[in-house]
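> Dropping a prediction and its sequence here:
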Amino acid sequence: MMQRAATKAGIKELPEAMPGAHEWQLWTYSPALIPDQATVDPLSLILSMRDILDDRVQIALGEMKGQLPW
């Protein structure tokens, strides 16, 4: 459903990275899994971005990992 809305808004999938383009991830899962949060859960975010080599992303993920209860 979100993908259709994005397409209607003029957002398109590019075959490769282009200058000035932005990368988006569309996530869909039942919000009942985490009922009191308005954002993605930290563990899902960490797992989805762990292979991104950008140092800024890795630093932010490390900070998030430090806030996990285990």
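Looks like it arrived, so ask away.

> Where is the longest helix in the protein?
Scanning the chain for the helix with the most residues, using DSSP state H, yields helix 55-67.

> Asp36 versus the residue nearest the centre of the chain, what's the distance?
For the chain, the residue nearest the mean C-alpha position is Gln25 (5.0 Å; Cα atoms, centre = their mean). The spacing between Gln25 and Asp36, counted by Cβ to Cβ, to the nearest Å, is 22 Å. Where you see a C-beta, it was placed from the backbone N, CA and C, and this is true even at glycine.

> cool, Met18 as well?
39 Å.

> now swap in Ala21 and tell me
From Ala21 to Asp36 the distance is 34 Å (Cβ to Cβ).

> same thing with Ala6?
Relative to Asp36, and taking Cβ to Cβ, Ala6 is found at 27 Å.

> Who has more neighbours out of these two?
Shown here are Ala6 and Asp36; by other Cβ atoms under 10 Å, Ala6 has more neighbours (14 against 5).

> hang on, isn't the more buried one packed against His22?
No. Assessed by Cβ atoms under 8 Å, Ala6 is found out of contact with His22, at 11.7 Å.

> what's the burial count for His22?
5.

> quick one: what helix or strand has it in it?
For His22, there is no host helix or strand (DSSP states H and E).
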